[in-house]
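**Q** no sequence for this one, just the structure:
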């Protein structure tokens, strides 16, 4: 029974592992490989997992450690700009797609620990405590990574320079409060309303 | 007359906070757009097979 539960837990967490892997590697193919490697490691280390303890943290940690190990071996220099193509759905307005592309580029520039922290908290809804456990750091450090990532992205996307233009426009659209013109509600295609 | 400061100070400075909030909302939505599809994609069959083969050992 314990063995069945273990394998079921691995299958259940695969989507989250894929997101974590993509956040770390910035590359779809590398992310899939990383997930597969992590699953292999987890299966090999089955006996070391204590039932009833935090499986998600254990599994995310295995994947992270595998990423670090691979990095040391390969000095991976992935192309930036490997934003998932699904982000550019035909429904997204042109400006929305550009803004997402800028965000993707900016995300790829972040240090991997900050990028991972931001994705785990924002996309997975992970708590800072859980993030700290997964990444083997203090809660304050986990918070700091997320804060710094957000702040850096804001600086790049809303600050000076070419990258900033579209993202700033997108952010400004959503930031405009309901004023006297109020009936112009945010368009569905705006990046703020999604 | 004394001016009461206590009631007046609950308001935050509108513009900086609104801009930050707007960016955070945009960032959250955009990150979900970038990553949610990945999570929804079907898991590769060979990966599932790997797990099932181990289960049967």
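**A** Nice, thanks for sending it over. No experiment lies behind these values; they were computed from the predicted model shown. Residues are numbered from 1 along each chain as shown, chains lettered A, B, ... in the order given.
**Q** When you work out contacts or count neighbours from here on, use the C-alpha atoms and nothing else.
**A** Noted.
**Q** Could you confirm whether stretch A:18-26 reaches chain B?
**A** Yes: for a cut-off given as Cα under 8 Å from any Cα of the partner chain, stretch A:18-26 has contacts with chain B, namely A:18, A:19.
**Q** For residue 41, give me its contacts.
**A** Went with chain A since none was named. Residues in contact with residue A:41 (Cα atoms under 8 Å, 6 or more residues apart in numbering or on different chains) are residue A:62.
**Q** my bad, the chain I had in mind was chain B
**A** residue A:15.
**Q** Next, find the distance separating residue A:121 from residue A:48.
**A** For residue A:121, the distance to residue A:48 equals 27 Å [Cα to Cα, to the nearest Å].
**Q** Touching, residue A:157 and residue A:103? I think so.
**A** Yes: contact criterion Cα atoms under 8 Å: residue A:157 and residue A:103 qualify, at 7.4 Å.
**Q** how would you label the residue in chain A that chain B sits nearest to: helix, strand or coil?
**A** In chain A, the residue that lies nearest chain B is residue A:15 (4.3 Å; Cα to the nearest Cα). Secondary structure assignment for residue A:15 (DSSP: H, G, I helix; E, B strand; the rest coil): helix.
**Q** I'd guessed it sits against residue B:40; true?
**A** Yes: applying Cα under 8 Å, one finds residue A:15 in contact with residue B:40, separated by 6.8 Å.
**Q** so where does residue 18 fall, helix or strand?
**A** Since no chain was named, I'll use chain A. Here residue A:18 sits within helix A:2-25, counting by DSSP states H and E.
**Q** Hmm, no, I was thinking of chain B.
**A** With DSSP H and E as criterion, residue B:18 is part of helix B:14-40.
**Q** buried stuff in that helix?
**A** B:18-19, B:22-36, B:38-39 (16 or more other Cα atoms under 10 Å in any protein chain shown).
**Q** same thing with stretch A:103-111?
**A** A:103, A:104, A:105, A:106, A:107, A:108, A:109, A:110.
**Q** who are the neighbours in contact with the spatially most central residue of chain A?
**A** Residue closest to the average C-alpha location in chain A (Cα atoms, centre = their mean): residue A:119, at 2.8 Å. By Cα under 8 Å, 6+ apart, residue A:119 lies in contact with A:19, A:20, A:23, B:31.
**Q** quick one: pLDDT of residue 31?
**A** Picked chain A for this. With respect to pLDDT, residue A:31 scores 94.
**Q** Switch to chain B, please.
**A** According to the model, residue B:31 carries a pLDDT of 95.
**Q** ok, the closest residue to it other than its chain neighbours - contacts?
**A** Once flanking residues are discounted, residue B:31 sits nearest to residue A:123: 6.6 Å by Cα to Cα, 6 or more residues apart in numbering or on different chains. Going by Cα under 8 Å, 6+ apart, residue A:123 touches B:28, B:31, B:32, B:35, B:36.
**Q** how near is the residue nearest in space to the middle of chain B to chain A?
**A** By Cα atoms, centre = their mean, chain B has its centre lying nearest to residue B:28, at 3.9 Å. Residue B:28 sits 6 Å away from chain A, going by Cα to the nearest Cα, to the nearest Å.
**Q** right, and that residue touches residue A:120 too?
**A** No: contact criterion Cα under 8 Å: residue B:28 and residue A:120 do not qualify, at 11.5 Å.
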